[in-house]
Structures are given as structure tokens and as C-alpha cells.
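# Provided below for reference: sequence and predicted model.
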Amino acid sequence: MDESLRYQILKRLQDDPNISQRELANVLGISLGKVNYCMKGLIEKGWVKAKNFRNSENKLAYAYFLTPHGIDEKARVTLSFLKHRLSQYEELEKEIEELRREAMLMDTDNSNE
């Protein structure tokens, strides 16, 4: 599981511990099987703890809680994710500036004709 996906899953679980794996899959746009695989990994690492309970429809459900180690990991991946996104943003800003310059040159060339 890459850091981006780990960040997204940990963030969603922290925001809504009662989210189902199916809902998580829909929100993240990944398969239910992949969510299940990732959740097992997060639980094995000790970053997430699952608690069984019965919901109002008498079906077994889980609540997912970040452990203290999970909170630390979320903080780490949040910083890493932020650095990555800022780098992408800076690259995009440069590309936009280059395109603006190119467009201005083309506009100037067209107006001289």
C-alpha cells in the first residue's frame, strides 16, 4: 500500500470510525478486496484496532480506531503526502507560467501579422 492510500484510509477512519469497508471502497474508488487487504495490513501493523458490535439490523459490524501508533503513522504520512502534493503544485505552477509565456508570445506573433 502506498503512502497516499495509507493516508487516505487512516484519515477516513479517524474521521469516521464506523465507516464500513464497502463505504470506504466507494469513497476511495478502490475495490472492496483491496480495502480488506489494506485494513488487515493496518491492523497487523498495530495502527488500527477493529471492534466488533452488532448494528441495528442485527448484522455484525466493526468500528475502526486508530491506535496511538496509528495516530503517529497518520501524522507521518500526512507530512509526506503534503510534501508530495506541494511538489506537484510547484511543478504545475511552473508549467502554467511557461504556458502563459508561450501563449503571450503566440498572441504577440499573431497580432503583428
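Done, it's in. Numbering: from 1, shown residues only.
# alpha carbons only for contacts and neighbour counts from here, please
Fine.
# what ranges does the chain have for its helices?
Assigned by DSSP state H, the chain shows helices spanning 3-15, 21-28, 32-45, 68-111.
# who touches the second one?
By CA atoms under 8 Å, 6 or more residues apart in numbering, the list of residues contacting helix 21-28 from outside reads 8-9, 12, 31-32, 34-36.
# could you give the angle of that helix to helix 32-45?
Helix 21-28 runs at 110 degrees relative to helix 32-45, counting by axes from the mean of the first three to the mean of the last three CA atoms, to 10 degrees.
# check which residues of helix 21-28 are buried.
Applying a neighbour-count criterion of 16 or more other CA atoms under 10 Å, one finds 21, 24-25 buried in helix 21-28.
# report pLDDT for Phe81.
The pLDDT attached to Phe81 in the predicted structure is 91.
# tell me the contacts of it?
3-4, 7.
# turn these into TSV, including pLDDT and distance to Arg101.
Conversion of the contacts of Phe81 to TSV gives the following (pLDDT from 0 to 100; distance: CA to CA, whole Å):
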residue	pLDDT	distance to Arg101
Glu3	89	35
Ser4	90	33
Tyr7	94	36
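# quick revisit: by pLDDT, give me the weakest of the buried residues of helix 21-28.
The pLDDT minimum for the buried residues of helix 21-28 sits at Gln21, where the score is 93.
# low-confidence ranges in the chain?
54-60, 111-113 (pLDDT under 70).
# before we move on, back to that, and which of the buried residues of helix 21-28 is nearest to Gly41?
The nearest member of the buried residues of helix 21-28 to Gly41, counting by CA to CA, is Gln21 at 13.7 Å.
# any idea how far Gln8 is from that closest one?
Gln21 is 13 Å from Gln8, where distance means CA to CA, to the nearest Å.
# mind listing what's buried along stretch 41-53?
By neighbour count on 16+ other CA under 10 Å, the buried set for stretch 41-53 is 42-43, 47-50.
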